[in-house]
Structure formats: structure tokens, C-alpha cells
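Student: quick one, fold the following:
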Amino acid sequence: MTDPISDLLIRIKNAQMVSHDQVLVPFSKMKFAIANALKAGDYLEEVERKNKKDKKTEHEYLLLTLKYQDGEGAIQGMKIISKPSRRMYIKAEAIRSVHSGFGLAIISTSKGIMNSKEAWKQKLGGEILFEIW
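Tutor: Predicted coordinates for the structure are as follows:
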């Protein structure tokens, strides 16, 4: 796995396409922050940090509960902007709405990971990770 953010998003998208209620994702602080930003943006129902024991080792993972509205997933689409091969940065003044305000961009700023609306309010730029709608 070379890009953990893409892996997280693809796991969420695939689980939603087959109408799963929950999805397990290996834990990292960045994935946890992204999942909480998606929950705040009303794309996920619940984010839980759990431990799982395998024989002699213990692994942390995230249990994400997906959100559905009228039988359809809350996530209609997503676009990964910043990739390991090409990082994309954006200034605070250049932050625009995603899909006419119906979507969000997730941005990694100096104050942590937040959605585009919060970053714009706080006048913070940073690495734009992905857009979701």
C-alpha cells in the first residue's frame, strides 16, 4: 500500500457500493482525522477506534459506520487531488466550493486536517487531499 489516504477512500467507496453498514480500516492518526472530518461533514455515521487481538499481537483499527439516505449512500463521488507522486497545495484565498456547495474538500493545514469551509473561515491553506460530494 503506497497511499493510505487513497486506500481509506476506496475502502469506504467499495463498502458503500455493496451496501455494507460498516467498514474496517487500519488505524493511523491521519486516517482518524480524515474520518472525523467526514463525520463532521455528514458523510459517515460513526467513527470508532478499536483494538483487535491476533494470537500474540494487538492491532488498532477504525470501525467506520457508513451513512445512507433513502437507501442511497451519502457519498455520491470523490476525487483524489493530492497523490504521493504529486502533492497539490492551495492558498486560503484560492479555496472554492465543491460542486456548488454540495461537497467538501479535505485539506491538511498547519492546524490539522479540516474541511474546506473551516479552512476558508480560519484563512488557512495547505495540502488539498481530496474532494467529496
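
Student: need the next SSE after the helix or strand hosting Ser6, C-terminal direction.
Tutor: Per DSSP states H and E, Ser6 falls inside helix 4-17. For helix 4-17, the following helix or strand on the C-terminal side (DSSP H and E) is strand 22-26.

Student: quick one: name whatever helix or strand follows that following strand.
Tutor: With DSSP H and E, the next secondary element past strand 22-26 is helix 29-40.

Student: name the helices or strands packed onto that next one?
Tutor: Using 3 or more C-beta pairs under 8 Å, 6 or more residues apart in numbering; DSSP states H and E, the elements in contact with helix 29-40 are helix 4-17, strand 44-54, strand 57-66, strand 104-109, strand 112-115. Where C-beta positions appear, they are placed from N, C-alpha and C, glycine not excepted.

Student: what's the closest of these to Gln76?
Tutor: Shortest distance between Gln76 and the helices and strands packed on helix 29-40, using C-beta to C-beta, is found for helix 4-17: 9.8 Å.

Student: what about that closest one, average pLDDT?
Tutor: On average, the pLDDT along helix 4-17 is 94.

Student: then stretch 120-130?
Tutor: 95.

Student: and for stretch 22-39?
Tutor: Stretch 22-39 shows a mean pLDDT of 95.

Student: try stretch 99-106
Tutor: Stretch 99-106 comes out at a mean pLDDT of 91.

Student: for that stretch, give me every contacting residue.
Tutor: 34, 37-38, 41, 43, 81, 95, 97-98, 113-117, 128-133 (C-beta atoms under 8 Å, 6 or more residues apart in numbering).

Student: the nearest residue to Ala40 once chain neighbours are set aside: how many residues sit nearby?
Tutor: With sequence-adjacent residues excluded and distances taken as C-beta to C-beta, 6 or more residues apart in numbering, Ala40 is closest to Asn115, at 7.0 Å. Neighbours of Asn115 under the rule other C-beta atoms under 10 Å: 18.

Student: what's the pLDDT at Asn115?
Tutor: Looking at Asn115, the pLDDT reads 92.
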